[in-house]
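Asker: dropping the sequence and predicted coords here.
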Amino acid sequence: MVFSSWSLWRPQCGGSMTDFSGVILSPGFAGNYQSSLDCSWRVRLPIGFGIHLQFLNFSTEPVHDYLEVRSGNLETGTVIDRFSGPAVPDALFSTTHETTLFFHSDYSQNKPGFHVVYQGEGRGPGALCQSSGRSIRQLGVRLQTAGDEE
């Protein structure tokens, strides 16, 4: 008998990851997330590694529900960006070895949420990496595809 691991496993509200690559899904993905959630996922790698985030899917209630990415921990880390609405965010590279994703949903509309893939990279500031055959440059802690307008 063959079991699908997806049917036996539901995305959790938060967690702590130390693997060099992984997947972060909003609770309930690929269905809609629940109301009134506050979830945080912490990715912690050895010092000297940064964390590349690639957003494969993203859809939250605009303004009221959001995913915040922090360089460091939830309490004291610097906010890299906050995402809300239907647009899939561009890739990000956090230069620190610890990155936290914080998801908040309010009491009203629920959407599918997000599917994020992370990958540890032993690269320093100003490094170049390849993603889908396109060069990505680090600009501060935000990434932008080479040739995009600032």
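Answerer: That came through, no problem.
Asker: point out where the chain drops to low pLDDT.
Answerer: 1-10, 123-150 (pLDDT under 70).
Asker: again, only using 90
Answerer: Residues of the chain that meet the criterion pLDDT under 90 lie in 1-11, 30, 123-150.
Asker: sketch out the strands for it, chain order is fine.
Answerer: 15-17, 21-25, 37-44, 50-59, 66-71, 78-83, 92-94, 98-105, 113-121, 128-131, 134-139, 142-145 (DSSP state E).
Asker: strands paired with the first one, and their directions?
Answerer: The pairing partners recorded for strand 15-17 under DSSP bridges are strand 37-44 (parallel).
Asker: gap between the spatially most central residue of the chain and Val69?
Answerer: For the chain, Val116 is the residue whose C-alpha lies nearest the centre (Cα atoms, centre = their mean; 4.8 Å). Distance of Val116 to Val69, computed by Cβ to Cβ, to the nearest Å: 9 Å. C-beta coordinates here come from the backbone N, C-alpha and C atoms, glycine included.
Asker: who touches both of these two?
Answerer: 53, 101 (Cβ atoms under 8 Å, 6 or more residues apart in numbering).
Asker: ok, and the closest non-adjacent residue to the residue nearest to the centre of the chain?
Answerer: Spatially, and ignoring its direct neighbours in sequence, Val116 is nearest to Ile24 (4.4 Å; Cβ to Cβ, 6 or more residues apart in numbering).
Asker: for Gln119, name its beta-bridge partners.
Answerer: Taking DSSP bridges as the rule, Gln119 bridges to Ser21, His52.
Asker: right, and it touches Ser21 too?
Answerer: Yes. With contact defined as Cβ atoms under 8 Å, Gln119 reaches Ser21; the gap is 4.8 Å.
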